[in-house]
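[1] got a predicted model here, sequence first, then my questions.
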Amino acid sequence: MKIALFPGSFDPITKGHEDIVKRAIPLFDKIIVAIGQNSSKIYHFTSEKRKAFISDTFKNFPTVEVKEYSGLTVDFCKKENAQYILRGLRNPSDFEFEKSIAQMNRAMVPEIETVLILTAPEYSAISSTIVRDILKNGGNARQFVPEAILL
Ligand code: ADP
């Protein structure tokens, strides 16, 4: 069984994340969207909210699950028997960042392969950071997040 873990903060999930997961569905038997909990990070949405947004987004996709984790992503992969880490790439700075994480993860656990999917051009400008800024300033961010979620 091919299991991929898609780790991130998802604060909140955006149309960019949704697109990466949907395009990865045919590649894997199961995709675990893994919400990382970093105790030194302050989140805009509670973990319950972030989890509910993701569950609502993929409610019609039975091979997609949502879980929370803390600690190293590779340790959570081992716990969940995931052989793949899924990540999205928007631009050269994502590439540089993802390259170092993937190479360091591979040095720690060579059996886990990172799979990078390029963003669809229409979503390449979308980031959770900008969505949060819009919300903090009272704007409407609906066009940037999955249809299923109401912010
Ligand atoms: P992190 O806090 O780990 O960066 P994010 O929730 O911001 O987590 O992102 C998780 C993954 O989704 C990362 O690989 C990121 O590059 C990717 N991603 C974020 N936004 C987009 C987008 N608009 N299109 C494609 N991939 C994206």
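    Sure thing, it's come through. Residues are numbered from 1 along each chain as shown.
[2] which residues of this structure lie near the ligand?
    Residues of the chain lying close to the ligand by Cβ under 6 Å from any ligand atom are 8-10, 14, 16-17, 20, 87-88, 90, 94, 119, 123, 126-128. All C-beta atoms are positioned from the backbone trio N, CA, C, and that covers glycine.
[3] where do the helices sit along this structure?
    Taking DSSP state H as the criterion, the chain contains helices spanning 15-24, 47-57, 73-80, 92-108, 128-136.
[4] what's the offset of stretch 49-56 from the middle of its chain?
    Averaging C-alpha positions (Cα atoms, centre = their mean, to the nearest Å) puts stretch 49-56 12 Å from its chain's average.
[5] kindly report the same for stretch 68-80.
    The answer for stretch 68-80 is 14 Å, by Cα atoms, centre = their mean.
[6] go on, stretch 102-114?
    For stretch 102-114, the distance to the chain centre is 18 Å (Cα atoms, centre = their mean).
[7] same question, stretch 48-67
    With Cα atoms, centre = their mean, you get 11 Å for stretch 48-67.
[8] what mean pLDDT would you report for that stretch?
    Mean per-residue pLDDT for stretch 48-67: 97.
[9] CA atoms only: put that stretch into PDB for me.
    Backbone C-alpha positions of stretch 48-67 (Å, rounded to 0.1, in the frame of the first residue of the first chain) are rendered in PDB as follows:
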ATOM      1  CA  GLU A  48      -9.600  21.800  15.600                       C
ATOM      2  CA  LYS A  49     -10.600  24.400  13.000                       C
ATOM      3  CA  ARG A  50      -7.700  23.600  10.700                       C
ATOM      4  CA  LYS A  51      -8.600  19.900  10.900                       C
ATOM      5  CA  ALA A  52     -12.300  20.600  10.300                       C
ATOM      6  CA  PHE A  53     -11.500  22.700   7.200                       C
ATOM      7  CA  ILE A  54      -9.400  19.900   5.700                       C
ATOM      8  CA  SER A  55     -11.900  17.200   6.500                       C
ATOM      9  CA  ASP A  56     -14.700  19.300   4.900                       C
ATOM     10  CA  THR A  57     -12.500  19.900   1.800                       C
ATOM     11  CA  PHE A  58     -11.900  16.200   1.200                       C
ATOM     12  CA  LYS A  59     -15.200  14.700   2.600                       C
ATOM     13  CA  ASN A  60     -15.900  13.100  -0.800                       C
ATOM     14  CA  PHE A  61     -12.400  11.600  -1.200                       C
ATOM     15  CA  PRO A  62     -12.200   8.400   0.900                       C
ATOM     16  CA  THR A  63      -8.400   7.900   0.500                       C
ATOM     17  CA  VAL A  64      -7.600  11.200   2.100                       C
ATOM     18  CA  GLU A  65      -7.300  11.400   5.900                       C
ATOM     19  CA  VAL A  66      -6.400  14.200   8.300                       C
ATOM     20  CA  LYS A  67      -4.200  13.800  11.400                       C
END
